[in-house]
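> here are the coordinates; sequence isn't available:
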């Protein structure tokens, strides 16, 4: 009761029971005991006894605000020290050394503890307020949890029809005294099913005719070298039909199941994302490897054309037949493969050196070598290590070299607003590493529009200027559309040549409407259009070789936004895919190596990725620049997240009006 001292024995029992307890209610009981009997300070936590023994004559505090503040601080989880101390003989003037946490609690308790004659009603009110706040907090957490569970149930899921692996393997090189050191020992790889592995079926992405496809007599050059260096092949990864870069809505995205996984080499990349292997090997032209890697938040590298040889040991994928004519064609293809293999690999089995003045796209429009070998991994050092072991062109040592990093501003203008955090992070990271003098920006599309001419004729014949806007008002959109059209003409022609037997054996439903249309257009495209597209490729490569020096790295988008949700409209998905093809077409036509870098995630976990590209045959240097840039990107993204969280706290985020606790109030 107020004004009456609690018996000393009772005080000691209470204080002794709760002095070392960090529970909020027990600490409030301890405060009640102290207010009634200051003689029990021998059992009090260190730091509180000074406040109690302060000899200040003040009026009793009966305000409920002090009790509420006491309860709020207790519920905030501030710890009180657990060690007891005895009052010094020199009197209350000697301060005890309390820890930082004890001092924080002392500052909060002191206004109440100074008033020894405070009413017990204040303490009871504080306890009641603490109980109410506790129940309200638990109820809010329960509502939030229920909403999150309901939201998860509403997330779309893909109709999974594509397996991650076509077949499981265990292929490794048997070491001998004369064999190369197994520098890649311990790494496990997944090879896309259309990349040749000796003794395995060269797949085409159509499961119904998988058993009819031919078996590879020899492995692709890159597969041979990787196995000799110690890589263990654990499986063949599935691909979309003809490895075409589609949306990939028939396989689950391991990074976020409600988002598109990206087509092309979907299975092999998904195996890396789900940590079933360390390295994926495939081919890429319009984003078959880079697109799923960006959608799953992985690193990807696509090399300079021909620096790793062809991705299959045959120029054409054929299927066996009983006719004598098909057998003769099959034998001729095998003979041509042997000669092609000898030309591709040098006498020592390595990829031949290319003259830097010789265009890497100096090939006929109907040739089938425009795709480049690429790799994907969950960690960038894995790609750097493999590139060094394979002896890729370019110097990886950046110690005494200056690197200039420029951002293609006009290409990022083609992206959606949710890419802005990734762009901001990369710009800050570039400034943090390269400095103000070595960082810059460029209007890349405007530069190409002013220095190349074949694209104008192609845009006029294809009607691109009318669909993308007038040439005077939107030159960047028109030139980007012309580059995409040129790349698709060349790519579709190659697919039609390579997969003509597949197109005849599989139905349009099995291939997919987009792949079937690509094969049809490639088979019917006239030679004049292909020659014009090849001219666009030559001009683009010449201009990029002149403008992008060996010490220059360009930052560009690889996708216009995070991968769309599975329940997005078909128009949104198609617009996203068209712009992705356009971004990939630039480096494909230019014959430039490129690297995909994940830069962060949206609040729901959807990954954001960007791309770097450099001059042809600077592959290892490009990977080294990316490796140096990644820590700065991660640091800047963490800062951006902290700034966003701080802004939310300052704005006082409240549950939305629609009942969603995760939404801010207006």
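Alright, I've got the coordinates. These figures come from a predicted structure and were not determined experimentally.

> ok, then the element right after the helix or strand of the chain with the lowest mean pLDDT?
Using mean pLDDT, DSSP states H and E, helix 324-344 stands out as the lowest-scoring helix or strand of the chain, at a mean of 37. Going down the chain from helix 324-344, the next helix or strand is strand 372-377, by DSSP states H and E.

> And the contacts of that next one?
The contact list for strand 372-377, computed with CB atoms under 8 Å, 6 or more residues apart in numbering, reads 220, 222, 265, 268-269, 272, 278-285, 289-290, 292-293, 298-311, 383, 386. (Glycine included, C-beta is placed from N, CA and C.)

> which residues touch stretch 521-537?
Under CB under 8 Å, 6+ apart, the answer for stretch 521-537 is 361, 364-366, 452, 454-455, 457-458, 461, 482-483, 485-497, 500, 503, 589, 591.

> Show me which residues of it are buried.
Going by neighbour count (16 or more other CB atoms under 10 Å), the buried part of stretch 521-537 is 522, 525, 529-530, 532-537.

> Can you report phi and psi for residue 557?
Note on residue 557: its backbone torsions stand at phi -80, psi 150 [degrees, to the nearest 10].

> Can you check the distance spanned by stretch 198-206, start to finish?
Distance between the two ends of stretch 198-206: 20 Å, counting by CA to CA, to the nearest Å.

> Let me see the ranges of the strands in this protein.
Taking DSSP state E as the criterion, the chain contains strands spanning 165-171, 188-192, 232-237, 279-284, 299-302, 372-377, 404-408, 439-442, 552-557, 594-601, 607-613.

> what does the fourth one rub up against?
Applying CB under 8 Å, 6+ apart, the external contacts of strand 279-284 come out as 187-192, 194-195, 222-223, 226, 231, 237, 239, 243, 264-265, 268-269, 271-272, 288-290, 302, 311, 371-377, 382-383, 386, 584.

> rerun at 7 Å
With contact meaning CB atoms under 7 Å, 6 or more residues apart in numbering, strand 279-284 is reached by 187, 189-192, 195, 222-223, 231, 237, 243, 265, 268-269, 271-272, 288-290, 302, 311, 371-377, 382, 386.

> and that strand with strand 372-377, angle?
Between strand 279-284 and strand 372-377, the angle comes out at 150 degrees (axes from the mean of the first three to the mean of the last three CA atoms, to 10 degrees).

> now swap in the longest one and tell me
Angular relation of strand 594-601 and strand 372-377 on a 0 to 180 degree scale: 30 degrees, by the same axes, to 10 degrees.

> Which other helices and strands does strand 594-601 contact?
helix 290-295, strand 299-302, helix 420-434, strand 607-613, helix 619-651 (3 or more CB pairs under 7 Å, 6 or more residues apart in numbering; DSSP states H and E).

> still on that earlier bit, could you work out the most separated pair of the buried residues of stretch 521-537?
522 and 535 (18.2 Å; CB to CB).

> quick one: contacts for the residue nearest to residue 427 when sequence neighbours are not counted?
Setting aside the residues directly before and after it, residue 427 is nearest to residue 407 in space (CB to CB, 6 or more residues apart in numbering), at 6.3 Å. The contact partners of residue 407, taken as CB under 7 Å, 6+ apart, are 427, 441, 555.

> repeat that with 10 Å
By CB atoms under 10 Å, 6 or more residues apart in numbering, the contact list for residue 407 reads 423, 426-427, 430, 439-442, 444, 554-556, 610.

> same deal with residue 438?
402-406, 430-431, 551-552.

> And residue 230, by the same measure?
Here residue 230 is in contact with 172-173, 175, 179-187, 389 (CB under 10 Å, 6+ apart).

> Please apply the same query to residue 401.
Applying CB under 10 Å, 6+ apart to residue 401 gives the contacts 395, 550-551, 621, 624-625.

> For it, give me the pLDDT.
For residue 401, the pLDDT comes out at 74.

> next one: the one 5 residues further on
We note a pLDDT of 94 for residue 406 in this prediction.

> about what we covered before: nearest to residue 135, of the contacts of residue 438?
Of all the contacts of residue 438, residue 431 has the smallest distance to residue 135: 49.7 Å, by CB to CB.

> Wait, the closest one touches residue 439, no?
Yes. Between residue 431 and residue 439 there is a contact at 5.2 Å, judged by CB atoms under 10 Å.

> which residues do these two both contact?
Joint contacts of residue 431 and residue 439 (CB under 10 Å, 6+ apart) are residue 405.

> ok, these two, which is more surrounded?
Taking neighbours as other CB atoms under 10 Å, residue 431 and residue 439 compare with residue 439 leading, 20 against 15.

> Tell me who's in contact with the more buried one.
Residues in contact with residue 439 (CB under 10 Å, 6+ apart) are 403-407, 427-433, 555.

> 6 Å instead, please
Residue 439 sits next to 405, 430-431 when contact means CB atoms under 6 Å, 6 or more residues apart in numbering.

> thinking again about what came up before, including mean pLDDT, could the helices and strands packed on strand 594-601 go into a markdown table?
What follows is the helices and strands packed on strand 594-601, written out as a markdown table (pLDDT from 0 to 100):
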| stretch | mean pLDDT |
| --- | --- |
| helix 290-295 | 98 |
| strand 299-302 | 98 |
| helix 420-434 | 90 |
| strand 607-613 | 96 |
| helix 619-651 | 91 |
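
> Relative to residue 255, which of those is closest?
Residue 255 lies closest to strand 607-613 among the helices and strands packed on strand 594-601, at 5.5 Å (CB to CB).

> Relative to that closest one, what are the paired strands and their orientations?
Listed by DSSP bridges, the sheet partners of strand 607-613 and their directions read strand 552-557 (antiparallel), strand 594-601 (antiparallel).

> Can you point out the buried residues in the longest one?
When you say that, I think you mean strand 594-601. 594-601.

> Go through those residues and say which is closest to residue 200.
For the buried residues of strand 594-601, the nearest to residue 200 is residue 596 (27.1 Å; CB to CB).

> Run through the bridge partners of that closest one.
Beta-bridge partners, per DSSP bridges, of residue 596: residue 300, residue 611.

> and it, what does it touch?
290, 293-294, 300, 558, 609, 611.

> Which one of the residues you listed is nearest to residue 168?
Closest approach between the contacts of residue 596 and residue 168, by CB to CB: residue 293, at 22.1 Å.

> How about the closest one: what's its closest non-neighbour residue?
Using CB to CB, 6+ apart and skipping residues adjacent in sequence, the residue nearest residue 293 is residue 300, 3.6 Å away.

> Could you do residue 476 as well?
Excluding its sequence neighbours, the residue lying closest to residue 476 (CB to CB, 6+ apart) is residue 445, at 3.8 Å.

> Cool, thanks, signing off.
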